[in-house]
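A.B. asks: missing the sequence, but the structure's below:
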């Protein structure tokens, strides 16, 4: 617990930062968490499939179970995630769960007092209350533990940390063994999150410093979006065609400022 607390102490200033890269950082962590829960549930969707389900959907499309789950994990990185009054009505839909019987538990967790126990213990001990509803509730339980940890630490927005680092065997543990497993996973998650933030900050600084010839409004908008969004498709903007957008992304990729994330020849997605 001491080691995990030390890692979270280093993470604290990053979690509280207003740098726009923080939005991208949380979205990348959300993608990792959603993929981990998908694997935990025995589903086929990995990060690539989840990213496609979210990024390639059209306005008004149903993103499907995989897309909804990713939307839910992305929502964990928002300030609204700490509004516990919204939890009973909002959270089950992200994980394709019925609103009952979890509504009462979600209300009770939201009303729980913080401060009587150390933050790590407080958040970890809340998990089994939701896990008692069955294996289908594992993803939501992990979502809640990260949200409760953020509340206990006084963060404005949670950081998805636990799901990608908690081993599946941990769900068979109880009591102190469960708390220890969560604590270890939070420590590992914090270290990985710090490394990811450093990498994204380096990439963002390089993109901001790039001198592109005759940058138009669409170019400026795309660069701004790349600093906060996980993945973008090359689409026409207010002033540029699809072809012009593709040329811009190819140029940014050739300069090493942006990566193509899919490895496909068509329906490509780009990000830092």
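C.D. replies: Alright, I've got the coordinates. What you are looking at is a predicted structure, and each value in this text was computed from that prediction instead of being measured.
A.B. asks: from now on I want contacts and neighbour counts done on CA atoms only, so please keep to that.
C.D. replies: OK.
A.B. asks: from residue 266, how far off is the most centrally placed residue in the chain?
C.D. replies: Geometric centre of the chain, nearest residue: residue 30, 1.6 Å, by C-alpha atoms, centre = their mean. Note on residue 30: its distance to residue 266, by C-alpha to C-alpha, to the nearest Å, is 25 Å.
A.B. asks: the helix or strand bottoming out on mean pLDDT in the chain packs against which elements?
C.D. replies: When the helices and strands of the chain are scored by mean pLDDT, DSSP states H and E, helix 103-111 comes last with a mean of 80. Where contact means 3 or more C-alpha pairs under 8 Å, 6 or more residues apart in numbering; DSSP states H and E, helix 103-111 is packed against helix 87-94, helix 119-131.
A.B. asks: quick one: which of those helices is nearest residue 60?
C.D. replies: Among the helices and strands packed on helix 103-111, helix 87-94 comes nearest to residue 60, with 16.2 Å by C-alpha to C-alpha.
A.B. asks: got the contact list for that closest one?
C.D. replies: Here helix 87-94 makes contact (C-alpha atoms under 8 Å, 6 or more residues apart in numbering) with 65, 68-72, 98-99, 102-104, 106-107, 110, 140.
A.B. asks: flag every buried residue along it.
C.D. replies: With burial defined by 16 or more other C-alpha atoms under 10 Å, the residues of helix 87-94 counted as buried are 87, 88, 89, 91, 92, 94.
A.B. asks: ok, so of those, who is nearest residue 57?
C.D. replies: Nearest to residue 57 out of those is residue 94 (C-alpha to C-alpha; 16.4 Å).
A.B. asks: ok, which stretches of the protein are helices?
C.D. replies: Secondary structure of the chain (DSSP state H): helices located at 2-16, 21-40, 47-55, 64-76, 87-94, 103-111, 119-131, 138-153, 175-209, 217-226, 242-254.
A.B. asks: which of the ones you listed sits closest to residue 261?
C.D. replies: Distance to residue 261, taken as C-alpha to C-alpha, is lowest for helix 47-55 among those, at 8.2 Å.
A.B. asks: from the chain's centroid, how far away is the closest one?
C.D. replies: Centre-to-centre, helix 47-55 and its host chain are 13 Å apart (C-alpha atoms, centre = their mean, to the nearest Å).
A.B. asks: what packs against that helix?
C.D. replies: Helices and strands touching helix 47-55, by 3+ C-alpha pairs under 8 Å, 6+ apart, are helix 21-40, helix 64-76.
A.B. asks: got the domain ranges for the chain?
C.D. replies: According to automatic domain parsing, the chain comprises the domains 2-199, 210-271.
A.B. asks: so which of those is the most packed in?
C.D. replies: Using mean count of other C-alpha atoms under 10 Å, the stretch among the domains of the chain with the greatest mean number of neighbours is domain 2-199 (a mean of 19).
A.B. asks: would you mind measuring the gap between the ends of it?
C.D. replies: Span of domain 2-199 from end to end, C-alpha to C-alpha: 26 Å.
A.B. asks: same thing with stretch 91-103?
C.D. replies: Distance across stretch 91-103, first residue to last, is 10 Å (C-alpha to C-alpha).
A.B. asks: report pLDDT for residue 61.
C.D. replies: In this model, residue 61 is scored at 81, pLDDT.
A.B. asks: scratch that, residue 55
C.D. replies: Residue 55 carries a pLDDT value of 89.
A.B. asks: one step back: the least confident helix or strand of the chain vs helix 87-94, what angle?
C.D. replies: Using axes from the mean of the first three to the mean of the last three C-alpha atoms, to 10 degrees, the inter-axis angle of helix 103-111 relative to helix 87-94 is 120 degrees.
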